[in-house]
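**Student:** Just need the structure, nothing else, for what follows:
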Amino acid sequence: MRLLIFNLATDLDNPTQGFNTRWIWALAKRVEFINVITMRAGRVDVPRNVRVYSVGKEKGFSEPRRAMEFYRHLFRILREDRIDVCFSHMIPIFSILAAPVLKAKRIPIVTWYAHRHVTTTLKVAHYLSDQIVTSATASYRYKHDKLTVVGQGIDSDLFSPNGTLSDDPPLLLSVGRLSPIKDPMTLIEAVYLLRQRRYSVLCALVGDAPDRDRHYATALRQRVQALDLEDSVQFIGAVPNEQVVKWYRRSFAHVNCSPSDHSLDKAVLEAMACEKPSLSSTLGFKESMDKWADWLFFRHGDAKDLAGKIERLLQLSDAEKRPIGNHLRHAVVTQHNLEGMTQRLLALFATMGQGQQSYSGRM
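**Tutor:** Numbers count the residues shown, from 1 in each chain. Just a heads-up that it's a prediction; the model follows:
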């Protein structure tokens, strides 16, 4: 099988998109060749049977210039190679741009989308795609007539426990951008309540603020100062995805404060894979939490409820916490690990037109 992949970013050091490279490696082990067209490129580390083309956002190219580059790369690939299936990952505009050309050549398009927002671009991409894939049913808010759920694709070999001792005092970790939608303010308020209750805890916020949220990030720092938590709350900044595992392993628990209707946040599943109690206010995680949901799920925006859940965990011994971590890792490995997602994707590709004829069946 020979694939064409569309990516937002192909950069091993990218804090939010670095995992894409591990996906490419996993797919490349099982197919003949992969061509990647990416919106931006950084540190590219791919196997020999993968070729990456960037449309130049990292070079500051304008949108018209990037569109020209996209078609230049697309026509070159189709001229020089035989493509069985196109897999468009979180970039529906590329699905739209490529559709007329790929449909003329009867190359099926599989578009991945996992986000709470339903845009006009997504609706058009849905119509033009042969299949839609997503991480969980709740992560795709548009029509489900073409939908296949394949899991989140967590590398459970990388994100795993390794016997590292948790920090002392206990470290509460939150991985994600500093944006209102992620609501780190609720965690800061919960840390304050815990300190008022005489619990010695630290908090690390791993992630940076996009330009549009710089004022919000400033407000977070000002709130930390106002609550006299400067010795307790650390703003770490962005960390490459492959290095954030060290933070998970150091932590006592991971906290995600996204809204109840938010799509699955990859960081929560990465922490679960490291056998860390992972508290969240997103309803979609209740399935993975299962019998531990009463311990780990809290009301969105409710710092008092969150502090109470953390306090309950703090009162457990290491032996009492171990079944929670074991259960969460098992849930990730069975529902969301990279190997399983790769197999499900390839099985889907194999049923689609030319892909079905050339898929080798290696799993």
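
**Student:** so how far is residue 135 from residue 229?
**Tutor:** 34 Å (CB to CB, to the nearest Å). Yep, even glycine has a C-beta here, placed from its N, CA and C like the rest.

**Student:** now swap in residue 298 and tell me
**Tutor:** Residue 298 is 22 Å from residue 135, by CB to CB.

**Student:** Which of the residues in stretch 115-124 are classified as buried?
**Tutor:** Within stretch 115-124, the residues that qualify as buried by neighbour count (16 or more other CB atoms under 10 Å) are residue 122.

**Student:** now the end-to-end length of it.
**Tutor:** 16 Å (CA to CA, to the nearest Å).

**Student:** can you check stretch 156-168 too?
**Tutor:** Termini of stretch 156-168 sit 26 Å apart (CA to CA).

**Student:** before we move on, what about stretch 291-310?
**Tutor:** 17 Å.

**Student:** got it, and stretch 294-308?
**Tutor:** Its first and final residues considered, stretch 294-308 spans 11 Å by CA to CA.

**Student:** which residues sit in contact with the closest residue to residue 158 other than its chain neighbours?
**Tutor:** The spatial neighbour of residue 158 that comes closest, neighbours along the chain excluded (CB to CB, 6 or more residues apart in numbering), is residue 245 at 6.0 Å. Residues in contact with residue 245 (CB atoms under 8 Å, 6 or more residues apart in numbering) are 158, 159, 160, 270, 274.

**Student:** Look up how far residue 272 lies from the second one.
**Tutor:** Taking CB to CB as the measure, residue 159 and residue 272 are separated by 9 Å.

**Student:** More neighbours: which of residue 229 and residue 135?
**Tutor:** residue 135 (24 against 17; other CB atoms under 10 Å).

**Student:** What strand or helix carries the residue nearest to residue 3 when sequence neighbours are not counted?
**Tutor:** Distances taken as CB to CB, 6+ apart place residue 34 nearest to residue 3, at 4.7 Å, with adjacent residues excluded. Secondary structure assigned from DSSP states H and E places residue 34 in strand 33-41.

**Student:** mind checking pLDDT for the residue nearest to residue 158?
**Tutor:** Note on residue 245: pLDDT of 95.

**Student:** Likewise for the one 3 residues further on?
**Tutor:** The predicted local distance difference test score for residue 248 is 97.

**Student:** In space, what's closest to it - neighbours in sequence excluded?
**Tutor:** residue 274 (4.1 Å).

**Student:** Can you get me the start-to-end distance on stretch 49-64?
**Tutor:** 30 Å.

**Student:** and what of stretch 17-33?
**Tutor:** 22 Å.

**Student:** That one: which residues count as buried?
**Tutor:** Neighbour-count burial for stretch 17-33, counted by 16+ other CB under 10 Å, picks out 17-28, 30-31, 33.

**Student:** Name the SS class of residue 186, please.
**Tutor:** Assigned with DSSP: H, G, I helix; E, B strand; the rest coil, residue 186 falls in the helix class.

**Student:** which ones are touching it?
**Tutor:** So residue 186 contacts 257, 281, 300, 301, 302, 303, 306 (CB under 8 Å, 6+ apart).

**Student:** and which of these is nearest residue 332?
**Tutor:** Of all the contacts of residue 186, the one sitting nearest residue 332 is residue 281; the distance, using CB to CB, is 18.8 Å.

**Student:** Residue ranges in the chain under the pLDDT threshold?
**Tutor:** 353-363 (pLDDT under 70).

**Student:** Find the residue at the geometric middle of it.
**Tutor:** The residue lying closest to the centre of the chain (CA atoms, centre = their mean) is residue 266, at 3.6 Å.

**Student:** What's the separation between residue 58 and residue 12?
**Tutor:** From residue 58 to residue 12 the distance is 14 Å (CB to CB).

**Student:** cool, and residue 269?
**Tutor:** Noted for residue 269: a distance of 20 Å to residue 12, by CB to CB.

**Student:** what secondary structure does the nearest residue to residue 239 once chain neighbours are set aside sit in?
**Tutor:** Spatial nearest neighbour of residue 239, excluding adjacent residues (CB to CB, 6+ apart): residue 206 at 5.3 Å. Following three-state DSSP, residue 206 is assigned to strand.

**Student:** Who are the contact partners of residue 206?
**Tutor:** Residue 206 sits in contact with 173, 174, 175, 176, 236, 237, 238, 239, 244, 247, where contact means CB under 8 Å, 6+ apart.

**Student:** Brilliant, that's me finished.
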